[in-house]
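> what's the 3D shape of this:
(one chain, ligands or ions: 1)
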Amino acid sequence: MARKHKLDLAAKPSSAPEPRKGQKPVRKAAVFKSAPAAQLEVNKRQKLSTGPGFSDANAAWLKPTKGKGKPAPPPVQESESDEDSELDSLPSSTEGVPSDTQGDQAHLASLPDQLFDSEGDPDVDSDDEGLDDSDISDADLDDDPLLAGDDQQLLGTDGSSEEEDADEDEDDSSDDEDAGELLDIERKSAALDKDRAKQEAEAAAEAADMAAAALDADLQQPGTSALQDGAEAGAQAMDLTKVQRRLREVMHVLEHFSQLRTPGRSRKQYLEQVKRDLEAYYGYNRFMVDAILGLFSVAEGVEFIEANEGKRPITLRTNTLKARRRELAAALIDRGINLDPVGKWSKVGLVVYESTVPVGATPEYMAGHYMLQGAASFLPVMALAPQEGEQICDMAAAPGGKATYISALMRNTGMLFANEAAEGRLKSIVGNIHRLGVTNAVVSNYDGRELPKVLGLRSMDRVLLDAPCSGTGVIAKDPTVKTSKSQEEIWKCAFLQKQLLLAAIDLVDARSKTGGYIVYSTCSIMVEENENVVNYALRKRNVKVVPTGLEFGREGFVRCREFRFHQSLTHSRRFYPHAHNIDGFFVCKLKKLSNEEKEADAAESSDDSDEQGASDASDEEPPARKGQALANGHASAPTANGKALANGKGPGSQRQHKPHKGPQHAGQKRSAAAAVQQQPEEGPEGISQYGLTMARP
Ligand SMILES: C[S@@+](CC[C@H](N)C(=O)[O-])C[C@H]1O[C@@H](n2cnc3c(N)ncnc32)[C@H](O)[C@@H]1O
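Below is the predicted model:
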């Protein structure tokens with residue numbers, strides 16, 4: 001069922017804009033913020049600050065939209081008109097954006113063009129610079145010498161008028177009355193306070209009653225909600241409004257449970273109602289709702305879900321093999337693209353606020369000056385920190401966003417092995433490699449689990465495993481994830497990820513002079529696919545988790561639900577759309593400590609799992625899929641035909657590379673079947689340890 005209305009969780013009273021220094025605050029009734037209006041205003045300001053070049057100091061769009069990680073309190077009052085909201089959301093100066101509206105830029109890229117046509121018009125912007133009533137504060141008037149002079153003519157020497165002076169004389173003679181009046185004022189004020197407190201208590205009680213009534217109604221029909229009864233479209237729209245309201249109310253009760261609960265109703269019952277309403281309102285299946293609420297508080301879970309309803313900003317990465325960011329930005333601004341740097345954390349990223357031309361079809365794009373790429377996907381490569389002259393493998397590379405970034409950081413030196421298991425996705429890597437002028441890469445087509453045998457054990461200085469995953473961090477891009485995932489599928493992904501990660505570690509040389517690192521990343525939020533996979537590798541190989549070097553992101557989990565992970569997983573980083581305004585992502589960096597097999601692993605210690613509690617429940621391969629690779633996060637089957645396709649100079653001119661160890665040249669054509677049939681001359685005990693079947697001699 002489609003969701004019709006945005007659930008405004010931040011619809012709480014917002015204060016008037018902060019007065020500028022030296023100004024008295026503008027007298028204006030408190031109003032409520034309207035997110036879309038605030039977004040447009042942010043954009044106008046953005047355009048102004050962009051100017052002919054760009055500021056290089058704007059990380060505003062990356063800031064959390066609401067609450068900065070703390071759940072926003074649910075709304076208890078309705079908002080006033082958008083007009084007022086828009087005025088109140090104006091920043092007090094054109095430099096910078098108030099922090100609570102900064103993250104709203106998330107939605108700018110997805111706003112329809114016609115909105116920008118009117119709101120983004122430069123004329124409108126310049127009008128905006130003019131003063132309106134709300135811009136003129138009392139302080140402005142006081143400071144203006146002309147106005148002050150005029151006023152002085154009407155006032156006495158001490159600043160009071162003759163009429164007021166006369167009033168004062170009268171007042172002096174009636175002190176007792178004054179006292180009486182003051183008391184009266186105090187009495188009235190106290191009465192007002194009492195009234196307000198009473199109203200607030202009544203409102204809270206009413207909210208609790210409504211939540212309880214809603215709960216009662218639904219509890220009478222366990223397992224169903226009004227919406228699940230298959231009513232007609234019109235009725236459904238009405239029901240959605242009802243569901244939205246109930247959701248807010250029940251969440252409010254959950255937040256103030258001891259005060260607002262109905263006696264006899266348990267938290268579990270309220271939670272059950274919230275879950276049903278989230279399913280109905282946003283169209284998630286129960287597995288996903290449970291998984292999300294297993295990671296976040298209810299309020300933050302809803303923030304995450306709500307963030308998935310909007311698109312992330314369009315971002316691009318400057319290809320430093322061909323362009324400089326400042327010059328690229330100037331060229332794109334000239335073409336009518338409104339952009340800014342993504343923030344201080346990246347030297348190459350640009351965020352696009354609006355564009356009059358298709359950003360993926362400019363002459364600069366065709367010439368390979370940039371790659372259209374989500375900002376989150378910069379992060380694993382930044383954590384990998386490729387060095388010039390190294391041998392690096394990107395094990396799951398299509399369409400090549402991260403692979404081409406690695407080559408750019410290597411300045412086209414050394415050697416990059418960009419591997420991809422899905423044959424149909426190879427063209428995209430090759431296309432991007434050519435367009436971006438990458439000349440140090442070989443593209444290969446293997447199941448990643450074969451790579452230690454194909455490229456050689458310990459043949460790499462660094463390996464990136466941007467693993468195929470459930471895609472639960474990128475629901476905004478692929479809403480089918482809301483309903484298509486199940487616990488079984490998550491475990492299947494985790495199983496393949498574990499095998500791939502072990503292969504990644506085996507590819508790396510612990511004695512590399514410059515490296516010895518593995519970066520594991522996913523666009524999944526599930527602990528099963530993230531901390532749990534790394535935790536498994538910690539037990540199976542001689543590796544440790546090291547800091548990613550990334551400036552932001554939340555710490556990985558050490559405890560989550562029934563899971564317990566190694567303490568060092570706090571070095572891993574989690575990124576969320578609602579908190580960081582980028583796709584949901586997990587990034588973890590490992591350092592290989594030794595090329596020796598881990599003793600526990602060699603001995604196949606039987607107490608492996610005891611140490612980790614429930615975290616490695618998926619060590620066993622899912623029976624139906626034995627030996628079969630999941631193709632990607634969305635589970636299409638790969639064709640591992642083992643073709644090495646191209647480097648930056650075209651398929652006919654691949655650079656020669658001699659793997660340090662191992663039987664097979666990456667550039668040689670070789671079928672995956674042959675690869676798995678052949679016992680490696682020097683290799684792991686058996687490639688079957690990565691889950692591939694092979695005939696043993
Ligand atoms: C998350 S995407 C990679 C995105 C890529 N790193 C980028 O930045 O453009 C995961 C990729 O892994 C591939 N894949 C799936 N199973 C694989 C396997 N067993 N070995 C190698 N790659 C695999 C998928 O086809 C998919 O292209």
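> where does the chain have low pLDDT?
1-182, 203-238, 600-689, 691-697 (pLDDT under 70).
> switch to 50 and redo it
Applying pLDDT under 50 to the chain flags residues 1-2, 4-5, 8-59, 61-62, 64-177, 219-231, 603-687, 693-697.
> Checking my notes, residue 521 in a helix, right?
No - going by DSSP: H, G, I helix; E, B strand; the rest coil, the assignment for residue 521 is strand, not a helix.
> beta partners of it?
Residue 521 has these beta-bridge partners by DSSP bridges: residue 466, residue 587.
> these two touch, right, it and residue 588?
Yes - between residue 521 and residue 588 there is a contact under CB atoms under 8 Å: 7.3 Å. Placement of C-beta: from N, CA and C, glycine included.
> Am I right that residue 490 sits in a strand?
No - Residue 490 is assigned helix when assessed by three-state DSSP, not a strand.
> Provide a list of residues in contact with it.
By CB atoms under 8 Å, 6 or more residues apart in numbering, residue 490 lies in contact with 291, 470, 526, 528, 529.
> if we go to 7 Å?
With contact set as CB atoms under 7 Å, 6 or more residues apart in numbering, residue 490 has these partners: 470, 526, 528, 529.
> show me where the stretch 301-450 of the chain has helices.
In the stretch 301-450 of the chain, the helices defined using DSSP state H, counting those that start in this stretch lie at 325-334, 363-366, 379-384, 401-409, 426-435.
> Just checking the fourth one against the ligand, any contact.
Meaning helix 401-409. Yes - counting by CB under 6 Å from any ligand atom, contacts between helix 401-409 and the ligand involve 401, 402.
> and the angle for that helix with helix 426-435?
With axes from the mean of the first three to the mean of the last three CA atoms, to 10 degrees as the basis, helix 401-409 and helix 426-435 are set at 30 degrees to each other.
> Against which helices or strands is helix 401-409 packed?
Judged by 3 or more CB pairs under 7 Å, 6 or more residues apart in numbering; DSSP states H and E, helix 401-409 is in contact with helix 379-384, strand 391-394, strand 415-419, helix 426-435, strand 462-466.
> got the angle for that helix vs strand 415-419?
Using the same axes, to 10 degrees: helix 401-409 against strand 415-419 is 180 degrees.
> Show residues contacting helix 401-409.
Contact with helix 401-409 is made by 317, 319-321, 371, 373, 377-378, 380-381, 384, 386, 392, 394, 397, 416, 418, 429, 432-433, 436, 438, 440-441, 464, 466, as judged by CB under 7 Å, 6+ apart.
> The ligand next: which of those residues are close?
Within the set of the contacts of helix 401-409, contact with the ligand (CB under 6 Å from any ligand atom) is found for 377, 397, 466.
> rewinding a little: go through the helices and strands packed on helix 401-409 and pick out the most buried.
Mean neighbours per residue, mean count of other CB atoms under 10 Å, is largest over those for strand 391-394, with a mean of 30.
> by contact count, what packs against that strand?
Contacts defined by 3+ CB pairs under 7 Å, 6+ apart place strand 391-394 against helix 401-409, strand 415-419, strand 462-466.
> Mind doing that once more with 6 Å?
Contact here means 3 or more CB pairs under 6 Å, 6 or more residues apart in numbering; DSSP states H and E; on that basis strand 391-394 packs against strand 415-419, strand 462-466.
> now, which of the ones next to the ligand among the contacts of helix 401-409 sits nearest the ligand?
Using CB to the nearest ligand atom, residue 466 comes nearest to the ligand of these, at 3.5 Å.
> Quick check: that closest one touching residue 519?
No - between residue 466 and residue 519 there is no contact under CB atoms under 6 Å: 8.1 Å.
> neighbours around residue 596, how many?
10 (other CB atoms under 10 Å).
> Give me the distance between it and residue 486.
39 Å (CB to CB, to the nearest Å).
> Report the contact partners of residue 357.
335, 336 (CB atoms under 6 Å, 6 or more residues apart in numbering).
> swap in residue 594?
Counted by CB under 6 Å, 6+ apart, residue 594 has contacts 510, 542.
> Name the SS class of it, please.
coil.
> repeat for the one 3 residues further on
Secondary structure, three-state DSSP: residue 597 is coil.
> what about it, how many neighbours?
Look at residue 597: counted by other CB under 10 Å, it has 15 neighbours.
> how close does it sit to the ligand?
In this view, residue 597 and the ligand are 23 Å apart by CB to the nearest ligand atom, to the nearest Å.
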